[in-house]
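Q: Any chance you can model this:
(chains A and B, ligands or ions: 2)
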Amino acid sequence: MRIDNEMKLEFMSKSQNESFARSVVAAFIAQLDPTIDELADVKTAVSEAVTNAIIHGYECQNGSIIIISRILDKTVEIEIKDCGKGIEDIELARQPLYTSKPELERSGMGFTVMETFMDEVEVESQSGVGTTVRMKKTFKSI
Amino acid sequence: MNVGFDLVNNKLIIRIDGDIDHHTCEEIRSKIDNEIMKRNPKSIIFDMKNVNFMDSSGIGVIIGRYKLIMTSGGIAAMVNVKPQIKRVYEICGLKKIIPVYENEKQALESI
Ligand SMILES: Nc1ncnc2c1ncn2[C@@H]1O[C@H](COP(=O)(O)OP(=O)(O)O)[C@@H](O)[C@H]1O
Ligand SMILES: [Mg+2]
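A: Ligands and ions are numbered 1, 2, ... in the order given. Sure, this is the predicted structure:
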């Protein structure tokens, strides 16, 4: 596969890194000249996946989160990976309103937000091994 | 994380300043709950003028406060909502339970 550009970012699973992570990805994709709305969509999706890695993957313990992002033409691919507890039932986890932590006032809408804002969302996960969320979005050139 | 409050006709205006994500939502939640406890308002109005980003963690906070004010028969509203926040808000179905008004004046007159 041809790749025009690629970046890799690794950081600790601390909640203060949520805004850091979405800002870095936004800065990386700025070279594609996305609209303000497209940029906001990607930032929101990244925020959801990174937050999930911190709260659900690592359950707020220390761990490492890796983001790899690739650009090909007008398409950006973003991979967000944790080595946390993993998801037992991915189909259930992706249901709107489903949350395994209702006591934390989670809305259970994280995956729905990712699916709505990105063109493609793929989840790979194994109990006790970790989770990778792979998302794609093609920007409409004007 | 700065959260400002104004009480107008027993309606609590909540002015959130900054991004609402999982990192900031704990502090926002406790500040709002303290104020609601202290002032016991009839309704609440979220002023989102200074919020440039919100994800589904923020939706959790808003729904939580909505439920709190509902138990005492009150209602919640939202004003000055920017496009990114509006989209998240609509996807999450908040539109049906928390009305959005253009500005504070309209919200104060309507709720
Ligand atoms: N990285 C992850 N590691 C483990 N579990 C996850 C991960 N991401 C999501 N999940 C599971 O999927 C559920 C739904 O996620 P989401 O839609 O973002 O809702 P919420 O974060 O509000 O619970 C979570 O409650 C959790 O059980
Ligand atoms: Mg989530």
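
Q: Please give the centre-to-centre distance between stretch B:49-58 and its chain.
A: In terms of Cα atoms, centre = their mean, to the nearest Å, the centre of stretch B:49-58 is found 10 Å from the chain centre.

Q: near ligand 2, anything from it?
A: No - applying Cβ under 5 Å from the ion, one finds stretch B:49-58 separated from ligand 2 by no less than 5.7 Å. C-betas here are computed from N, CA, C, even on glycine.

Q: Quick check: phi and psi on residue 42?
A: You didn't pick a chain, so chain A it is. Note on A:V42: its backbone torsions stand at phi -70, psi -40 [degrees, to the nearest 10].

Q: Likewise for B:G73?
A: Dihedral pair for B:G73: phi 80, psi 10, per degrees, to the nearest 10.

Q: List the residues that contact it.
A: By Cβ atoms under 8 Å, 6 or more residues apart in numbering or on different chains, the contact set of B:G73 is B:K42.

Q: Now A:D41: which helix or strand?
A: A:D41 is located in helix A:36-52, with elements delineated by DSSP states H and E.

Q: Which elements pack onto that helix?
A: Here helix A:36-52 touches helix A:17-29, strand A:64-72, strand A:75-82, helix A:110-117, strand A:130-138, helix B:83-91, going by 3 or more Cβ pairs under 8 Å, 6 or more residues apart in numbering or on different chains; DSSP states H and E.

Q: repeat that for 7 Å
A: Helix A:36-52 is packed against helix A:17-29, strand A:75-82, helix A:110-117, strand A:130-138, helix B:83-91, with contacts defined by 3 or more Cβ pairs under 7 Å, 6 or more residues apart in numbering or on different chains; DSSP states H and E.

Q: which residues sit against the second one?
A: So the one you mean is strand A:75-82. Residues outside strand A:75-82 that contact it (Cβ atoms under 7 Å, 6 or more residues apart in numbering or on different chains) are A:25, A:29, A:32, A:42, A:46, A:49-50, A:53, A:57-58, A:63, A:65-70, A:130-138.

Q: Tell me the buried residues in that strand?
A: A:76-82 (16 or more other Cβ atoms under 10 Å in any protein chain shown).

Q: among these, which are in reach of ligand 1?
A: A:D82 (Cβ under 6 Å from any ligand atom).

Q: Tabulate the buried residues of strand A:75-82 (TSV), appending pLDDT.
A: Shown next, in TSV, are the buried residues of strand A:75-82 (pLDDT from 0 to 100):
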residue	pLDDT
A:V76	98
A:E77	98
A:I78	98
A:E79	98
A:I80	98
A:K81	98
A:D82	98
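
Q: and the nearest residue to A:N52 once chain neighbours are set aside, how far is that from B:S72?
A: Using Cβ to Cβ, 6 or more residues apart in numbering or on different chains and skipping residues adjacent in sequence, the residue nearest A:N52 is A:G110, 5.7 Å away. Counting by Cβ to Cβ, to the nearest Å, the gap between A:G110 and B:S72 amounts to 30 Å.

Q: Counting neighbours, go ahead and name the busier of these two.
A: A:G110 (30 against 11; other Cβ atoms under 10 Å in any protein chain shown).
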